[in-house]
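> Kindly generate the corresponding structure for this input.
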Amino acid sequence: MMTEASPSLNRVPLAARPPVQSRNRPAATSFAVPHGKIAPVKNDRGFFLAMVSMLLALGVLMVHSASMTSHPSQSEQIYLSRHMLFLTVGIAAGFVVSMLPAQLIERAAPYFFGLVIGLLVLVVIPAMGTEVNGARRWLRLGSVTIQPAELAKLALPLFLARLMIHLRSQNRRWGRGLMLPCLPAAVVVPLVMCQPDLGTALFLAAGCGILLFIARWPLRNFALMAAATIPGLAYLVVHRPYQLQRITGFVAAWTDPSSAPYQLKQSLLTLGAGGLQGAGLGRGWQKLSFLPEANTDFVFAVIGEELGLIGTLVVVALWIGLYAFGLRLFAHQDRDSFAYLAGVTLLTQIVLQAAINVAVVTAMVPPKGIPHPLMSYGGSNLVTTLMAIGLLVSFSRTPATAIAVSEKNETDFARPPARAA
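I've put the predicted structure just below:
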């Protein structure tokens with residue numbers, strides 16, 4: 001006699017059952033943030049800051065060495081003391097900025113931009129700005145001197161990144177058009193050119209172009225802006241004799257070295273004097289009143305003389321490592337977020353400034369007074385660069401809420417489902 005099989009014999013083993021998702025919440029994996037995207041950021045941040053520290057340490061050594069004169073005096077110690085003071089202020093400012101959340105920085109960007117615009121306006125007023133060698137680029141507040149154009153290297157990318165995010169959130173087709181994203185640069189760049197400082201103005205315009213490129217601005221807009229600005233730039237170069245002399249001097253450095261500008265000739269002589277291994281730290285001769293601006297714009301040439309080709313290649317390798325680890329800091333960021341747009345732009349600006357300085361010292365581009373970031377003597381540039389480093393650390397920091405959600409969801413996912421009654 002056939003009997004009906006017992007229901008217990010047809011049950012599927014518990015281990016073979018698929019996990020049962022609760023109807024009260026979606027699958028845990030849709031919210032989880034993998035740990036593989038969090039832990040490497042901490043390691044990359046450590047390597048990134050290590051590169052920054054090595055460049056700063058080498059900068060202190062080279063500023064002290066490049067400040068030596070043929071007649072020893074107290075000025076050497078004064079340069080080193082001031083540089084250490086600027087370095088301390090910059091590290092403190094960078095640390096404070098690194099503690100600020102990205103949301104607060106995004107909200108404060110318009111106010112910071114307005115403050116920098118006000119400072120740039122004050123600089124061009126004869127009664128307010130301080131003029132040095134025919135250029136009015138500084139504001140003197142008691143014993144403190146500020147160069148607002150350096151602050152613009154921070155304010156302009158931050159404000160433009162916020163503007164692009166706002167325009168995207170409005171879902172307006174004209175938001176990604178030609179005019180509105182160009183307005184911040186159209187305000188800042190002319191004010192910097194009035195100082196006059198064509199090199200910094202072009203650098204600020206390049207920074208805006210980098211951010212717009214990262215934000216996937218249409219290439220046709222870049223072509224239209226180039227067609228509109230290149231004729232004006234050519235007009236300024238032709239009608240300003242000192243700008244035209246820089247172009248002709250750069251060409252002469254490669255066609256007729258004997259007629260090249262004194263600064264370029266001394267820079268190339270300084271680099272060549274070091275050979276492969278260099279003359280030794282502190283033993284260079286070109287800095288002794290031969291090489292102009294040895295501790296500021298041409299400190300890289302002093303590195304070439306005293307540490308040789310090996311020393312210059314080490315500096316280049318440190319900058320490449322800094323850029324590589326800096327990009328990894330933002331690998332987990334949303335490509336359309338404020339932190340990603342502003343962070344990658346600021347990082348690229350810092351490395352681009354170092355590359356331009358090296359190109360000027362090696363006569364690869366026309367001469368321009370752009371200091372070597374993190375290594376040249378100077379207050380405004382050093383403090384601003386360290387503040388930019390602090391912003392990068394702030395933007396790269398993974399929110400604690402994301403870690404908490406990740407841990408909670410991964411715990412829920414790993415927990416065995418409740419057995420049905």
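
> Please name the nearest non-neighbouring residue to residue 319.
residue 354 (5.2 Å; CB to CB, 6 or more residues apart in numbering). C-beta coordinates here come from the backbone N, C-alpha and C atoms, glycine included.

> Report the contact partners of the one you found.
319, 372, 373, 374 (CB atoms under 8 Å, 6 or more residues apart in numbering).

> Next: residue 392.
Here residue 392 is in contact with 48, 326, 329, 343, 346, 347 (CB under 8 Å, 6+ apart).

> So among those residues, where is pLDDT lowest?
Lowest pLDDT of the contacts of residue 392: residue 329, 92.

> ok, it - how many residues close by?
Neighbours of residue 329 under the rule other CB atoms under 10 Å: 24.

> can you pull the contacts of the closest residue to it other than its chain neighbours?
In space, and not counting its chain neighbours, residue 329 is closest to residue 396: 3.6 Å by CB to CB, 6+ apart. Contacts for residue 396 (CB under 8 Å, 6+ apart) come out as 41, 45, 329, 330, 333, 339, 343.

> where in the protein is pLDDT low?
1-42, 69-76, 171-177, 398-421 (pLDDT under 70).

> how close does residue 163 get to residue 63?
Going from residue 163 to residue 63 by CB to CB, to the nearest Å gives 37 Å.

> Pick out whichever of these two has more residues nearby.
The neighbour comparison of residue 163 against residue 63 (other CB under 10 Å) goes to residue 63, with 26 against 20.

> thought the more buried one was touching residue 83?
Yes: counting by CB atoms under 8 Å, residue 63 does reach residue 83; the two are 4.9 Å apart.

> Would you mind listing the residues touching both of those two?
Residues touching both residue 63 and residue 83 (CB under 8 Å, 6+ apart): residue 377.

> For the longest helix belonging to the chain, which residues meet the burial criterion?
Looking across the chain with DSSP state H, the single longest helix is helix 299-329. Within helix 299-329, the residues that qualify as buried are 299-308, 311-312, 315, 318-319, 321-323, 325-329, counting by 16 or more other CB atoms under 10 Å.

> ok, back up a step: filter the contacts of residue 354 down to just the ones in helices.
residue 319.

> of the contacts of residue 354, closest to residue 150?
residue 373 (10.5 Å; CB to CB).

> Can you give me the distance of that closest one to residue 220?
Distance from residue 373 to residue 220, by CB to CB: 33 Å.

> So the two - more neighbours on which side?
residue 373 (25 against 9).

> which one is that one nearest to, not counting chain neighbours?
residue 385 is the one closest to residue 373 (CB to CB, 6+ apart), at 4.6 Å.

> Please tell me I have it right and that neighbour contacts residue 371.
No: here residue 385 does not reach residue 371: they are 9.2 Å apart, not a contact under CB under 8 Å.

> The two: who's more crowded?
A side-by-side neighbour count of residue 385 and residue 371, using other CB under 10 Å, places residue 385 first with 30 against 24.

> element containing that one, please.
helix 379-396 (DSSP states H and E).

> who's in contact with residue 292?
Contacts of residue 292 by CB under 8 Å, 6+ apart are 262, 263, 266, 298.

> doesn't it fall inside a helix?
No: under the criterion used here (DSSP: H, G, I helix; E, B strand; the rest coil), residue 292 is coil, not part of a helix.

> Can you tell me how far it is from residue 281?
21 Å.

> Report how many residues lie close to residue 209.
Residue 209 has 16 nearby residues by other CB under 10 Å.

> How about it, nearest residue that isn't a chain neighbour?
The nearest residue in space to residue 209 (CB to CB, 6+ apart) is residue 222, at 7.1 Å.

> Distance check, residue 309 against residue 272.
Here residue 309 is placed at a distance of 10 Å from residue 272 (CB to CB).

> That should have said residue 386, apologies.
Distance from residue 386 to residue 272, by CB to CB: 33 Å.

> Counting neighbours, go ahead and name the busier of these two.
Between residue 386 and residue 272, residue 386 has the larger neighbour count (other CB under 10 Å), namely 25 against 13.

> I'd say the more buried one and residue 90 touch.
Yes: judged on CB under 8 Å, residue 386 makes contact with residue 90 at a distance of 3.5 Å.

> Can you pull the residues that touch both of the two?
Common neighbours of residue 386 and residue 90 (CB under 8 Å, 6+ apart) do not exist.

> Please, where are all the strands along the stretch 101-250 of the chain?
129-132, 135-141, 144-146 (DSSP state E, counting those that start in this stretch).

> Take these and write them to JSON lines, including distance to residue 106 and mean neighbour count.
Listed next are these as JSON lines, based on distance: least, CB to CB, whole Å; neighbours: other CB atoms under 10 Å:
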{"stretch": "strand 129-132", "distance to residue 106": "31", "mean neighbour count": "14"}
{"stretch": "strand 135-141", "distance to residue 106": "27", "mean neighbour count": "15"}
{"stretch": "strand 144-146", "distance to residue 106": "24", "mean neighbour count": "14"}
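
> Let me know which of the ones you listed is the nearest to residue 111.
Using CB to CB, the strands of the stretch 101-250 of the chain put strand 144-146 closest to residue 111, at 17.5 Å.

> From the contact counts, what lies against that closest one?
strand 135-141, helix 379-396 (3 or more CB pairs under 8 Å, 6 or more residues apart in numbering; DSSP states H and E).

> from the middle of its chain, how far away would that strand be?
Relative to the chain's own centre, strand 144-146 is displaced by 22 Å; criterion: CA atoms, centre = their mean, to the nearest Å.

> residues in contact with that strand?
119, 130, 138, 139, 140, 379, 380.

> likewise stretch 54-72?
75-76, 79-80, 83-84, 87, 281-282, 284, 287-289, 294-295, 299, 302-303, 306, 315, 318-319, 322, 372, 374-377.

> what about 6 Å?
With contacts defined as CB atoms under 6 Å, 6 or more residues apart in numbering, stretch 54-72 is touched by 76, 79-80, 83, 282, 287-289, 294-295, 299, 302-303, 318, 374-375, 377.

> Having no further points to raise, I will conclude here.
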